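> the following block contains a protein sequence and its predicted model.
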Amino acid sequence: MLAMGSEEWEMYPSSYIGAQVIEYGTISEDSDDDWNGDMAVSLDAVLPDDILEKVLSLLPVASIIRSGSVCKRWHEIVHSQRMTWSKMAPQKPWYFMFTCSEEAVSGFAYDPSLRKWYGFDFPCIEKSNWSTSSSAGLVCLMDSENRSRIIVCNPITKDWKRLLDAPGGRSADYSALAFSVDRKSHQYTVAVARSNQVPSEYYQWEFAIHLYESNTGNWVTPFTGVLLGWRGGDECVICDGVLYYLVYSTGVLVNNNEHRHCLVMYDLLARPNHTNLMSMAIPVPCALTCGRLMNLSEKLVLVGGIGKQDRPGIIKGIGIWELHNKEWHEVARMPHKFFQGFGEFDEVFASCGADDLIYIQSYGSPSLLTFELNQKLWKWSVKSPVMKRFPLQLFTGFSFEPRLDTVS
């Protein structure tokens with residue numbers, strides 16, 4: 001593997017247990033030539049285990065793993081299953097980028113804290129078109145060819161588990177995946193929303209929600225219904241105990257002035273069996289070419305491609321909105337210089353995030369743009385080592401929080 005000019009990237013270990021980070025590129029650090037080695041005091045001789053663990057838990061995950069190669073004692077602490085890691089500092093989400101192809105998935109993970117890319121061996125994912133959803137250190141994966149096959153994994157520790165097959169069969173016209181982990185108990189919920197066209201009824205679409213709870217290990221189907229004039233899609237998210245699902249107009253029962261996307265909600269705590277989802281639907285803030293939903297610290301955020309006034313299917317920019325009391329409030333619009341920086345931007349694109357960080361990527365480019373919600377700051381990532389080798393090559397990715405304490 002080659003270093004990207006002056007930029008730095010590293011090879012992340014295929015398994016963090018017992019492995020070392022192999023560095024590519026030079027890391028320059030200031031040093032004191034007058035340092036007297038005789039005056040050095042080993043941390044091993046001063047700090048007890050519990051204090052050392054607390055110190056390490058304040059570091060970024062990559063630094064914690066690297067510290068495991070310092071000595072035997074540090075290695076044992078880093079790779080132990082101690083409760084210390086549950087108190088580790090919040091981690092900014094990494095972004096895993098890879099190419100869209102029929103080949104096995106391999107790519108690079110971007111660490112925004114250290115602004116580095118890592119060659120990353122992501123566990124379990126076999127095809128680039130698998131559905132993904134992440135929460136609190138775990139990633140949920142759904143097989144694109146067998147929609148009942150669901151896997152939950154921790155990308156850092158490589159721990160993974162295949163769940164019981166989801167109900168609804170191997171295929172559906174449209175399927176969406178959402179995932180939520182409780183940070184205290186580490187119990188998780190998986191939601192699969194399926195939409196199928198009613199036979200011989202083009203404007204009617206069956207809609208079902210299937211839920212998996214890790215504490216029971218079973219699937220339930222709390223809701224089934226029929227959408228009239230609307231169909232499901234592949235975009236949904238769990239936020240503050242509610243499943244939000246983006247639906248699409250089929251072109252009937254909708255005025256020309258209305259938008260072709262709409263947001264429906266389902267309360268995962270109350271779990272009503274019979275409810276009219278469309279009666280409580282929330283229109284999107286403007287005509288969108290596509291929409292991406294994400295949970296940022298239990299706030300529902302929508303990143304959408306803004307369509308032109310006269311041609312709503314043609315993208316003219318990207319906006320970010322936050323939902324408050326069932327109303328959208330605009331957070332930011334991508335400055336034109338960043339929009340142009342992607343080159344040719346497609347009507348659909350990849351976007352995801354966690355905490356206060358949003359990633360945006362064009363499918364036709366390995367360029368990666370970040371937006372910090374709290375600071376309203378746009379910033380390009382360090383140049384990606386993923387290379388565009390031919391004009392029609394496509395790229396995609398998703399984010400996850402790197403953690404050592406969550407297990408599948």
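Sure, I can see it. Keep in mind that what you see is a predicted model, and the values were worked out from it rather than measured. Residues are numbered from 1 along each chain as shown.

> sheet partners, orientation included, of whichever strand or helix holds residue 95?
Following DSSP states H and E, the helix or strand that holds residue 95 is strand 94-99. In the sheet containing strand 94-99, its partner strands are strand 107-111 (antiparallel), strand 395-400 (antiparallel), by DSSP bridges.

> buried residues in the longest one?
Counting neighbours by 16 or more other Cβ atoms under 10 Å, one finds that the buried residues in strand 395-400 are 395, 396, 397, 398, 399, 400. All C-beta spots, glycine's among them, are computed from the backbone N, C-alpha and C.

> and if you look at stretch 293-313?
Of all the residues in stretch 293-313, those buried under the rule 16+ other Cβ under 10 Å are 293-296, 300-307, 312.

> give me the distance from it to the chain's centre.
Mean C-alpha position of stretch 293-313 versus that of the full chain (Cα atoms, centre = their mean, to the nearest Å) differs by 16 Å.

> with stretch 67-82 instead?
Relative to its chain's centre, stretch 67-82 lies at 28 Å (Cα atoms, centre = their mean).

> stretch 397-408 too?
Chain-centre distance of stretch 397-408: 9 Å, with Cα atoms, centre = their mean.

> end to end on it, go ahead and measure it.
Stretch 397-408 has its terminal residues 21 Å apart, counting by Cα to Cα, to the nearest Å.

> can you list the strands that the top strand by length along the chain pairs with?
Taking DSSP state E as the criterion, the chain has its longest strand at strand 201-213. Here strand 201-213 has these sheet partners by DSSP bridges: strand 188-198 (antiparallel), strand 218-228 (antiparallel).

> which parts of the stretch 101-250 of the chain are helices?
Shown for the stretch 101-250 of the chain, no helices are assigned by DSSP state H, counting those that start in this stretch.

> below-threshold pLDDT in it: ranges please.
Where the stretch 101-250 of the chain drops to pLDDT under 70, the residues are 101-104.

> quick one: the strands in it?
Secondary structure of the stretch 101-250 of the chain (DSSP state E, counting those that start in this stretch): strands at 107-111, 116-120, 131-135, 138-142, 150-153, 160-162, 174-181, 188-198, 201-213, 218-228, 230-231, 236-239, 242-249.

> for the shortest one, packing partners?
Looking back up the chat, that one is strand 230-231. strand 242-249 (3 or more Cβ pairs under 8 Å, 6 or more residues apart in numbering; DSSP states H and E).

> name the nearest residue to residue 231, ignoring sequence neighbours.
Closest residue to residue 231 apart from its sequence neighbours, by Cβ to Cβ, 6 or more residues apart in numbering: residue 205 at 4.4 Å.

> distance of that neighbour from residue 141?
In this view, residue 205 and residue 141 are 25 Å apart by Cβ to Cβ, to the nearest Å.

> which one of these two is surrounded by more residues?
residue 141 (26 against 23; other Cβ atoms under 10 Å).

> distance of the more buried one relative to residue 111?
From residue 141 across to residue 111, the span is 21 Å (Cβ to Cβ).

> point out where the stretch 251-400 of the chain drops to low pLDDT.
Under the criterion pLDDT under 70, the flagged ranges of the stretch 251-400 of the chain are 252-258, 312.

> strands of that one, start to end?
Under DSSP E, counting those that start in this stretch, the stretch 251-400 of the chain gives strands at 261-267, 282-283, 288-296, 299-307, 315-324, 327-333, 350-354, 357-361, 369-372, 377-380, 395-400.

> can you list these in TSV and add distance to residue 97?
Output for those, formatted as TSV (distance: least, Cβ to Cβ, whole Å):
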stretch	distance to residue 97
strand 261-267	26
strand 282-283	31
strand 288-296	16
strand 299-307	17
strand 315-324	18
strand 327-333	23
strand 350-354	9
strand 357-361	7
strand 369-372	12
strand 377-380	14
strand 395-400	4
